[in-house]
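In: Quick one: sequence and predicted model below, then my questions.
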Amino acid sequence: MSGDPRVRQVFEHCADLHDLKQKDYGREHDPFANVRSAQEWGIEPWIGALVRAGDKFKRLQQYVMTGTLANEGVLDSFDDAIVYIAIAKVLFEEAQREGL
């Protein structure tokens, strides 16, 4: 038994979204440069990614409570949260390997 193919489609879409957005936010040598900037505030980058994901969850919570969002759409917020969680996992694993 395999999972629902729509889940794989979501992950593939979010991976593509990550690649696209890194052209604006990342650097050629470091696709997580924007998230790593949390270090400038004394925050581990993986925690910074979680904070950004938390912002997306707050937007989704706003939608749940009011049924509307003023700017970014619900589906965009889901996608961004998925990407930030994936980035947090990658950066956490990186920190674990480096013994941070």
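Out: Thanks, I have it. Remember, predicted model here, so these are calculated numbers, not experimental data.
In: going forward, measure contacts and count neighbours with C-alpha atoms only.
Out: Noted.
In: list the contacts for residue 62?
Out: By C-alpha atoms under 8 Å, 6 or more residues apart in numbering, the contact set of residue 62 is 68, 69.
In: quick one: which helix or strand includes it?
Out: helix 45-66 (DSSP states H and E).
In: Pull the number of nearby residues for residue 53.
Out: Neighbourhood size, residue 53 [other C-alpha atoms under 10 Å]: 23.
In: That one touches residue 80, doesn't it?
Out: Yes - using C-alpha atoms under 8 Å, residue 53 makes contact with residue 80 at a distance of 7.2 Å.
In: can you pull the contacts of the residue nearest the centre of the chain?
Out: For the chain, the residue nearest the mean C-alpha position is residue 84 (1.2 Å; C-alpha atoms, centre = their mean). Residues in contact with residue 84 (C-alpha under 8 Å, 6+ apart) are 49, 50, 52, 53.
In: pLDDT score for the second one?
Out: When you say that, I think you mean residue 50. For residue 50, the pLDDT comes out at 97.
In: pretty sure it is touching residue 86, no?
Out: No - Residue 50 lies out of contact with residue 86 (C-alpha under 8 Å); the separation is 9.5 Å.
In: Now do the longest helix along the chain against helix 45-66, angle only.
Out: Determined from DSSP state H, the single longest helix within the chain is helix 74-97. Helix 74-97 runs at 160 degrees relative to helix 45-66, counting by axes from the mean of the first three to the mean of the last three C-alpha atoms, to 10 degrees.
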